[in-house]
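Q: please find the sequence and the predicted model below.
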Amino acid sequence: MDWGKYKLELCTGPAVIPHLSEIARLRITIFGEYPYLYKGSREIETKYLRAYADTPDACVFVARDGDAIIGAGTGVPLRGEPATFTAPFADSPFSLDTIYYLGEVLFLPGYRGQGLGSRLLKEFEEHIHSLGRYRHLACATIERPEDHPPRPDDYHPIDGYLTRAGFTRYPELRVTLPWPDLEGEVTDNTMVFWMKELFVPPSAFTP
């Protein structure tokens, strides 16, 4: 994909494997920032990302500056996620079989503010649309109080960006996940889902 001075590569299936270590490093670095405050490990992250090589329709976008990976986007059919994560959808009007989950769009700090995240999201949506099997795109954001002590003064929640990108927040669709914080303590963290309807011809879902 032509991104000018940068390069964007779509990887699916076994093509994901060569990038696992670098994407794991990227996730550890970025998710250590506010608001996630997650203390990851290369072993856990690599094992988690390996599922993207094995799950049908899963995908990974890799953004490069020269040979260096400076950003990534990952996605998987929501049906392929653990039941503990998809439980909020049990009594919702949405069908798990037609939701695609956008796991993340990540860029290193020096590459933010250039519109690269919006461009990657556009490529991501076009790819999912081309599959012809999904009605909705979902993502999840972490809930933090405005007076959360670690919150930086210059922190801007992603909510406004997601709204401009066409996502709608569903506060009733929430899940609590444990992960190790920067002090190494496992804490519970609440994630709220956002949904965006994708245009897919009705014939794609006709039996």
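A: Looks like it arrived, so ask away.
Q: which residues in the protein form helices?
A: Taking DSSP state H as the test, the helices found in the chain are 20-31, 42-54, 83-86, 116-131, 159-164.
Q: please identify the deepest-packed of those.
A: Highest mean neighbour count among these (mean count of other CB atoms under 10 Å): helix 20-31, with a mean of 18. To be clear about C-beta, it is placed using only N, CA and C from the backbone, and glycine gets the same treatment.
Q: and that helix, average pLDDT?
A: For helix 20-31, mean pLDDT rounds to 94.
Q: relative to helix 42-54, how tilted is it?
A: On the basis of axes from the mean of the first three to the mean of the last three CA atoms, to 10 degrees, helix 20-31 is oriented at 120 degrees to helix 42-54.
Q: so that it lines up with my notes, have the first residue be 10 from now on.
A: Fine by me, first position is 10 from now on; the one you just mentioned is helix 29-40.
Q: for helix 29-40, packing partners?
A: In this structure, helix 29-40 packs against helix 51-63, strand 68-74, strand 77-86, strand 108-116, with contacts taken as 3 or more CB pairs under 8 Å, 6 or more residues apart in numbering; DSSP states H and E.
Q: let's see that with 6 Å instead.
A: With contacts defined as 3 or more CB pairs under 6 Å, 6 or more residues apart in numbering; DSSP states H and E, the secondary structure elements packing on helix 29-40 are helix 51-63, strand 77-86.
Q: mind checking which of those is nearest residue 22?
A: helix 51-63 (6.2 Å; CB to CB).
Q: contacts for that closest one next, please.
A: Outside helix 51-63, the residues that touch it by CB atoms under 6 Å, 6 or more residues apart in numbering are 23, 25, 26, 29, 32, 33, 36, 67, 69.
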